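A.B. asks: need the 3D shape of this:
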Amino acid sequence: MAACWLGFGCSSGGSAAGGDAGELSNAEVGQPDADGRGVGEVKDLGADRAPGWDSRGDARADGTADAAPDGTVDVPAPEVADAGAEFPDAAHDAAHDAQPDVADAGLLDLPDSGPEADAGSGNELADKWPLGTVTRVCGDGLLAEMDSPSGPFGILVVRGEHYEMGLQAGCLIGDRVGQFYDSFMSYFLAEVEGAAAEMGLDPDAVAVLLASMMENLWAHMAPYVPAEQLDEIAGFHDAVMGDPALAAFWPGSTPEQGLRALVLLSNLSDLDWSGSTEEVLEKLSSGMSAEAADYYEAIASAGKSGDAWDLCAAASAAGAVSPGRMAELFSRVLPFRTSCSFFAAWGERTQDQHLLGSRNLDWSTDTGISALKGISIYGPADGHAHATIGYLGFVGALAGMSERGVVVSEVGSESVMERLGGEPWTVKFREVLEQADDLDEGIALATGTHPDSVLRPPTIGYNWMIAYGDPPSGGFSGAAALETNAAFAGVHRQGFDCDPSSQLVHFDAAGAASAAWTDAAQPFLANLEAEAVEVDDQANPRFFAVDAEGEVALDGDGCPVAQDPSGAPFSTGRVLPCAVYRGDEAMMHGIRRWQKAANGPQSGDGLMCHAGSYRNRYLVMHDLVSAYETGEAYQHDGHVWAEAAGQKVAMGIDEAETVARAAALGSNVLSVAYDATGLTVRVSWETGSGDGWQAASEHDYVTIDLGQAFSLLAE
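C.D. replies: Purely as a prediction, here's the structure:
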């Protein structure tokens, strides 16, 4: 089978599609129930928006704008209140033509390639680098190797303009990423071939159609990938292809194709692949789930288009394989399910008021991706120094921390409200780390409400955490749990004063944040987490049988025994001051109504209370953080996570690591504990393969002082 399909080398690209960018009424946004509970007054975020800005915020001198993903121009964008950091054009400057000098001081488990080592590299940063052992230098960048209980991992350091950082990354790790990518694709394509054979499909026809599908998916997302990240990809590509020794590690695709594929794969893991093959096919083609298309009344204008789908039609007409069967195969082999978790705690809960947190990546195991385990540290010319934690070669961030003490975490949270034409969350996280000064700016960047005129629509069901450690004091720390789907982003925020607030942001069909409601304006749809109850698929509260005292009658698991229209609602929110935590579940009713995750209303009549995510992650983190506050013992699933202390335990990074371990699943491939005030992280990765595989949370964690690195980059 051809190996080009995830490299987008088999056909020309398709085109993105969107929906109607017109105004939305209250009813269209909130769909009030029979009792008339609507969304109230719509706050228009699009008023007085400046013309002449395209979908990524690039203003042109003539005041015109590029076409938006829905084919219109003059896309609404917030008025620019502060010039801020500009988004450069995709065209590269003179650095595009210049390759940096390379000095190679050894490779990480790779055959020799590239130039000979040269001790006189002139890289002053390498001479005083404190983390691990420097093995390569390239221009202003370096690659170090550091030992850990999970085995050695790489530390990539790049500096300068984004294209320059891409150049440095390409010459430092281009061979390593290429070797992994070729190996991973060989494994993956073997899986595709096996599934195709079981279904009686022609492997060559499957390869062509998979290529067309992936190109169409990239076409949906590409308009929302920041120009900076595209510049990094271009720099990486140019560095590798300009050196035959490095290019030899990319035999089946190019670096640009490979890095794009990694962006796609990390952002499609939690796509809803259920439903009929026709529904899956329509979603992949149009860029919207049927529910999102119906919601926006945009399915007609968001129909199939582009050369990629002409290929599908041609293959189907030739009798090679029908698009419907193609979608069935695609849904069988692509998903890499995530079941992650995160938490944060700060203020009086923690030592010296430091903000602590976690990020667990519970993913497909033993994929070979651990060959790239590492930390990438960026020193952008315009922006905050920051580190992404996970795997080398990923342009975006799976987890990360900035010099400002901003940290990010993610959980996949399956929803029927999906769009592909939006900003991939991994590159969204890079924007937050690089640009956000504090918690509220991070929230604004993530929710598309930042006054920089850039469209940042969410895509599919995710829960995110954005937290701010306010180094070095922690005095203004805070965190927020964000719950998102294609049309809405719910924000549950607590600041340094531990005072909770919530907001529900609506996105129009073009991806602009068009309205927002607080818990004060909409106490049920934009509810506080403490007010969360079990709801149905119309965001109406569900009612359950009560006992003689008028309380909801509970079973042995502490969940409602039976539904009863004359009964009472059942509370699901378990809130602690100065703490946030999530598994898959959404606590905001305006988000929860669309969920399939955590026994969501779109998956049937199940209860959040019975969901594994709720019981084994959300409640576990709540109960363990609470146990530290009370000094009581806490055990779960036969393991004692906190001994009885008899008094309050002020949490430190040791306790943050314990919370991460307690919430990790058996599929844990990456586990991170943050001290966002002390600018320190602890990290562990999966190890081994086959019967020898071990979860990341089963190892000791390695401690990394990112504050040292950020200080050096600031010199």
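
A.B. asks: ends of stretch 430-444, how far apart?
C.D. replies: 14 Å (C-alpha to C-alpha, to the nearest Å).

A.B. asks: and the longest helix along the chain, how far out from the chain middle?
C.D. replies: Ranked by number of residues, the top helix in the chain under DSSP state H is helix 162-198. Counting by C-alpha atoms, centre = their mean, to the nearest Å, helix 162-198 is centred 20 Å from the centre of its parent chain.

A.B. asks: let me know the next secondary structure element after that helix.
C.D. replies: Moving toward the C-terminus from helix 162-198, the next helix or strand (DSSP states H and E) is helix 203-221.

A.B. asks: for that next one, buried residues please.
C.D. replies: 203, 205-221 (16 or more other C-beta atoms under 10 Å). C-beta here means a position set from N, CA and C on the backbone, and glycine is covered the same way.

A.B. asks: what mean pLDDT does the helix or strand following it have?
C.D. replies: The first helix or strand that comes after helix 203-221 along the chain, using DSSP H and E, is helix 227-241. Averaging pLDDT along helix 227-241 yields 96.

A.B. asks: please name every helix or strand in contact with helix 227-241.
C.D. replies: helix 162-198, helix 244-247, helix 255-268, helix 425-435 (3 or more C-beta pairs under 8 Å, 6 or more residues apart in numbering; DSSP states H and E).

A.B. asks: of those, which stretch is the most buried?
C.D. replies: Comparing the helices and strands packed on helix 227-241 by mean neighbour count (mean count of other C-beta atoms under 10 Å), helix 425-435 ranks first with a mean of 26.

A.B. asks: what are the contacting residues of it?
C.D. replies: 84-85, 225-226, 228-229, 263, 266-267, 378, 380, 383-384, 386, 388, 394-398, 400-402, 406, 408, 410, 441-442, 445-446, 456, 458-459, 462, 464, 466 (C-beta atoms under 8 Å, 6 or more residues apart in numbering).

A.B. asks: which SSE is immediately downstream of it?
C.D. replies: Next element after helix 425-435 (DSSP H and E): helix 439-447.

A.B. asks: starting at the chain centroid, how far to that following helix?
C.D. replies: Helix 439-447 sits 14 Å away from the centroid of its parent chain (C-alpha atoms, centre = their mean).

A.B. asks: stretch 255-269 now?
C.D. replies: Distance, centroid of stretch 255-269 to centroid of chain: 13 Å (C-alpha atoms, centre = their mean).

A.B. asks: same check, this time on stretch 684-697
C.D. replies: 23 Å.

A.B. asks: and it, which residues are buried?
C.D. replies: Ser684, Trp685, Glu686, Thr687, Gln694, Ala695, Ala696, Ser697.

A.B. asks: measure that stretch end to end?
C.D. replies: So stretch 684-697: terminal residues 7 Å apart, C-alpha to C-alpha.

A.B. asks: ok, now stretch 560-579?
C.D. replies: Terminal residues of stretch 560-579 are spaced 26 Å apart (C-alpha to C-alpha).

A.B. asks: and that stretch, average pLDDT?
C.D. replies: 97.

A.B. asks: in it, what counts as buried?
C.D. replies: Pro560, Gly567, Ala568, Pro569, Phe570, Thr572, Gly573, Arg574, Val575, Leu576, Cys578, Ala579.

A.B. asks: kindly report the same for stretch 231-248.
C.D. replies: Under 16+ other C-beta under 10 Å, the buried positions of stretch 231-248 are 231-241, 243, 246-247.

A.B. asks: nearest to Ala673 among those residues?
C.D. replies: Using C-beta to C-beta, Glu232 is the member of those that lies nearest Ala673, at 27.6 Å.

A.B. asks: so what's that closest one closest to, chain neighbours aside?
C.D. replies: The shortest distance from Glu232 to any residue other than its chain neighbours is 3.8 Å, reached at Gly166 (C-beta to C-beta, 6 or more residues apart in numbering).

A.B. asks: can you give me every residue that contacts the one you found?
C.D. replies: Residues counted as contacts of Gly166 (C-beta under 8 Å, 6+ apart) are Val158, Asp231, Glu232, Ile233, Ala234, Gly235, Phe236, His237, Asp238, Ala239.

A.B. asks: Ser409: which element?
C.D. replies: strand 406-412.

A.B. asks: please state the offset of that strand from the chain centre?
C.D. replies: Distance, centroid of strand 406-412 to centroid of chain: 7 Å (C-alpha atoms, centre = their mean).

A.B. asks: show me what that strand is packed against.
C.D. replies: strand 341-345, strand 356-362, strand 400-402, helix 425-435, helix 439-447, strand 462-468.

A.B. asks: quick one: the spatially most central residue of the chain and Phe544, what's the gap?
C.D. replies: Centroid check for the chain by C-alpha atoms, centre = their mean gives Trp425 as the closest residue, at 3.7 Å. Trp425 sits 35 Å away from Phe544, going by C-beta to C-beta, to the nearest Å.

A.B. asks: can you check Ala586 too?
C.D. replies: 20 Å.

A.B. asks: who has more neighbours, those two?
C.D. replies: Ala586 (30 against 22; other C-beta atoms under 10 Å).

A.B. asks: surely that one and Glu483 touch.
C.D. replies: Yes - here Ala586 reaches Glu483: they are 4.1 Å apart, a contact under C-beta atoms under 8 Å.

A.B. asks: what do these two both touch?
C.D. replies: Here Ala586 and Glu483 have Ser413, Asn463, Gly490, Arg592 as joint contacts, going by C-beta under 8 Å, 6+ apart.

A.B. asks: show me what contacts the spatially closest residue to the last one that is not a sequence neighbour?
C.D. replies: Residue nearest to Arg592 in three dimensions, not counting chain neighbours: Ala586, with 4.5 Å by C-beta to C-beta, 6+ apart. For Ala586, the set of contacting residues under the criterion of C-beta under 8 Å, 6+ apart consists of Ser413, Asn463, Glu483, Gly490, Arg592, Gln595, Ala597, Ala598, Gly600.

A.B. asks: do the same with Ala481
C.D. replies: Contact partners of Ala481, counting by C-beta under 8 Å, 6+ apart, are Asn463, Trp464, Met465, Val491, His492, Glu529, Val580, Tyr581, Arg582, Met587.

A.B. asks: where in the stretch 51-200 of the chain is pLDDT low?
C.D. replies: 51-121 (pLDDT under 70).

A.B. asks: strands along that one, start to end?
C.D. replies: 102-104, 133-138, 141-146, 153-160 (DSSP state E, counting those that start in this stretch).

A.B. asks: possible to save the ones you listed as a markdown table with distance to Cys171 and mean neighbour count?
C.D. replies: As requested, the strands of the stretch 51-200 of the chain are exported to a markdown table (distance: least, C-beta to C-beta, whole Å; neighbours: other C-beta atoms under 10 Å):
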| stretch | distance to Cys171 | mean neighbour count |
| --- | --- | --- |
| strand 102-104 | 5 | 22 |
| strand 133-138 | 4 | 23 |
| strand 141-146 | 8 | 24 |
| strand 153-160 | 10 | 24 |
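
A.B. asks: tabulate these (a markdown table), appending distance to Pro471.
C.D. replies: Shown next, in a markdown table, are the strands of the stretch 51-200 of the chain (distance: least, C-beta to C-beta, whole Å):
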| stretch | distance to Pro471 |
| --- | --- |
| strand 102-104 | 33 |
| strand 133-138 | 26 |
| strand 141-146 | 22 |
| strand 153-160 | 20 |
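
A.B. asks: do you know which of those strands lies nearest Leu713?
C.D. replies: strand 153-160 (6.6 Å).
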